[in-house]
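# Sequence and predicted structure are below.
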Amino acid sequence: MLDMYRNLAKGKVGLIITGYVGFSKTDYHNRGTVVLSEDSSLTGLKELTRTVHQHGSKVVAQINHAGSQLMSPPNGAVYGPSEVADPFSGITPISFTENQIRDLVTEFGDAAVLAKKSRV
C-alpha cells in the first residue's frame, strides 16, 4: 500500500485521498482494512504521510463507515442508517439506534483527531 501512495506522489499528484479508512466498532472491517481508532494506528499513517510529503504531495484520510456497502460477506452484524437493502451487496443493515449515532459521531471525531496527529 505504501508503494502505491509513493508512486502516486512521485507522479506529481498534488492531493491524494486515501482509500477507505475505517473508524467505528459498528463497521465491518475486512482483513487489511486501515482502521483509525487508536494511537497504534499512527505509526503506519505517519510513514504514509512522510512518504507522500517527500515527493511534494499532500494526503487526506477518507474516513468512512461502509454500512451495508460491502465487497465481501460479513461475519457479524451490519449497521446502517436504515433497514434498506443495499442494491449492490443485497445486505439489509440493522438501523443505528440513537445512542449508536451519538457514539458514531464521537468515534468519527476521535478518528479525525488521530488523522491530524499523523501529519508529519
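Yep, that arrived. Numbers count the residues shown, from 1 in each chain.

# Next, the closest residue to Phe96 other than its chain neighbours: phi, psi?
Excluding the flanking residues, the one nearest Phe96 by Cβ to Cβ, 6 or more residues apart in numbering is Tyr79, at 5.6 Å. Just so you know, the C-beta spots here come from the backbone N, C-alpha and C atoms, and that holds for glycine as well. Main-chain dihedrals, Tyr79, degrees, to the nearest 10: phi -110, psi 150.

# what about Tyr79, distance to Lys25?
From Tyr79 across to Lys25, the span is 10 Å (Cβ to Cβ, to the nearest Å).

# How much space separates the most centrally placed residue in the chain from Phe108?
Geometric centre of the chain, nearest residue: Val21, 1.3 Å, by Cα atoms, centre = their mean. Computed as Cβ to Cβ, the Val21 to Phe108 distance reads 11 Å.
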